[in-house]
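In: dropping a prediction and its sequence here:
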Amino acid sequence: MPRPALEVADLFRDHGPAWREANRGHVSLGQLKVMSAIEDCRTAALGGHVARCENQRCGFTSIAYNSCRNRHCPKCQGAAARQWMAAREADLLPVPYFHVVFTLPAEIGDIAYQNKAVIYDLLFRASSETMLTIAADPKHLGARIGITAVLHTWGSAMTHHPHVHMIVPGGGISLGGDRWIAARRNFLLPVLVLSRLFRRLMLEKLVAAHAASKLTFFGRHAALADAVRFAEFLAPLKNKRWFVYAKQPFAGPRAVLAYLSRYTHRVAISNGRLLNSDGKTVTFRVKNYRVDGVARNTTMTLDIAEFIRRFLLHVLPKGQHRIRHYGLFANGTRVDNIALARKLIGVTAAEIANAAAEPMHNEEATEAKPATAEPEPHTQTCPCCGSKMRIIEVFQRGQTPRHKASPCPPSIRIDTS
């Protein structure tokens, strides 16, 4: 029998208790809750249901345990991504979309970990203001644009690396509201101009947050509580180029949805990247972005304690939204703005839906595929005979199901003729 694939939950269950004891007093309540949720996900601790094949000759019976649905759990993002993708389909515009990334310098990333709620919010605000301001400038696009922004806080090796991914239509509504202004085919906005404004806005907002006593510092950064020392800390960053990156536009509406769902519901590391563990270390796939070609894909081995620490670096503060919409896509006016944009472009919602429903190319389908799909008992078919599975028992948290799982009968197989 093949060995089950390694999961983050396995590492947490086997090594979490010792790690929590060793780090007692240094782990937040939010991090403890994430660990507990991942450890319990799809186990008897959360309850579940028993389903049986309706074909009496077959009788195959399976037990499925409930998901934790925690937004940091690697196993619970599949259904959430599908639901989000379906909801966003109604917002698509028939124009090229661009992918823009705003990244905080490492120096600010360090203090961001001690001030997650404040600095992550400033990152969203500074990057969105940058895009909206430059896009509205008649020297550039001269239009009101829409933005969907997604916060990621990790690099491939799970180090703390806060950055925002933006998906932006290639154009916008004129400032007078009477026409659609399309961006150039492979160009949205100048990244150097974006970088400079982003740098200025972010530094201004950091200074204001410090003056309002919204930032806290401890450890090696404790001295930054002093306004003069904080100003000295920020001074070199005024002359440093801040990273803003813009990718080529997508092929079509379906590719946009695929890409969006891939980024919106990603966690620090997926179970699919884990390779093996020897009980002391864990090895997983990483990408070395300093190298091009096949050599970019490599592996990394960490002590399990360090792996757990890095994973928990990316637990978001309670109530912090990692997906936000700006400009034309802002929640209060999105429906009216999209209707006006379609009118100005000259396309109907039905045409957009048809374009989004077109089959994806292989590359796009790979990007859209969730890391781990959640079980959907109401639509499951029997793996033995292909008949419908029916739920015969629901059991609560901590309960043991009355029915037992049963394998496929030897005489039953799916008819493929």
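Out: Received the coordinates, thanks.
In: buried ones in stretch 86-101?
Out: Neighbour-count burial for stretch 86-101, counted by 16 or more other Cβ atoms under 10 Å, picks out 88-89, 91-101. From N, CA and C alone the C-beta is placed, and that goes for glycine too.
In: put the alpha carbons of it into PDB.
Out: Once side chains and other backbone atoms are set aside, the C-alpha atoms of stretch 86-101 remain, and they are given as PDB (Å, rounded to 0.1, in the frame of the first residue of the first chain):
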ATOM      1  CA  ALA A  86     -18.100  31.900  -9.300                       C
ATOM      2  CA  ALA A  87     -19.000  35.200  -7.600                       C
ATOM      3  CA  ARG A  88     -16.300  37.200  -9.400                       C
ATOM      4  CA  GLU A  89     -17.400  35.900 -12.800                       C
ATOM      5  CA  ALA A  90     -20.200  38.500 -12.800                       C
ATOM      6  CA  ASP A  91     -17.700  41.300 -12.500                       C
ATOM      7  CA  LEU A  92     -15.500  40.500 -15.500                       C
ATOM      8  CA  LEU A  93     -14.900  43.000 -18.300                       C
ATOM      9  CA  PRO A  94     -14.000  42.100 -21.900                       C
ATOM     10  CA  VAL A  95     -10.600  43.700 -21.800                       C
ATOM     11  CA  PRO A  96      -7.000  42.600 -21.100                       C
ATOM     12  CA  TYR A  97      -6.200  42.300 -17.400                       C
ATOM     13  CA  PHE A  98      -2.800  43.100 -15.900                       C
ATOM     14  CA  HIS A  99      -1.100  41.600 -12.800                       C
ATOM     15  CA  VAL A 100       0.700  44.200 -10.700                       C
ATOM     16  CA  VAL A 101       2.700  43.400  -7.500                       C
END
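In: the buried residues of stretch 86-101 in helices, which ones?
Out: The helices, defined by DSSP state H, take in R88 from the buried residues of stretch 86-101.
In: looking at the buried residues of stretch 86-101, which are in strands?
Out: For those, membership in strands holds for Y97, F98, H99, V100, V101, with DSSP state E as the criterion.
In: what is the most widely separated pair among these?
Out: Farthest-apart pair in those is Y97 and V101; separation 13.9 Å (Cβ to Cβ).
In: can you show me the strands along this protein?
Out: Listed in chain order, the strands of the chain (DSSP E) span 48-53, 61-65, 97-103, 143-144, 146-154, 160-169, 171-174, 180-182, 244-247, 274-277, 281-287, 297-303, 323-327, 389-395.
In: chain center to the longest one: distance?
Out: For strand 160-169, the distance between its averaged C-alpha position and the chain's averaged C-alpha position is 10 Å (Cα atoms, centre = their mean, to the nearest Å).
In: what helices and strands are in contact with that strand?
Out: Helices and strands touching strand 160-169, by 3 or more Cβ pairs under 8 Å, 6 or more residues apart in numbering; DSSP states H and E, are strand 97-103, helix 106-114, helix 116-136, strand 146-154, helix 253-264.
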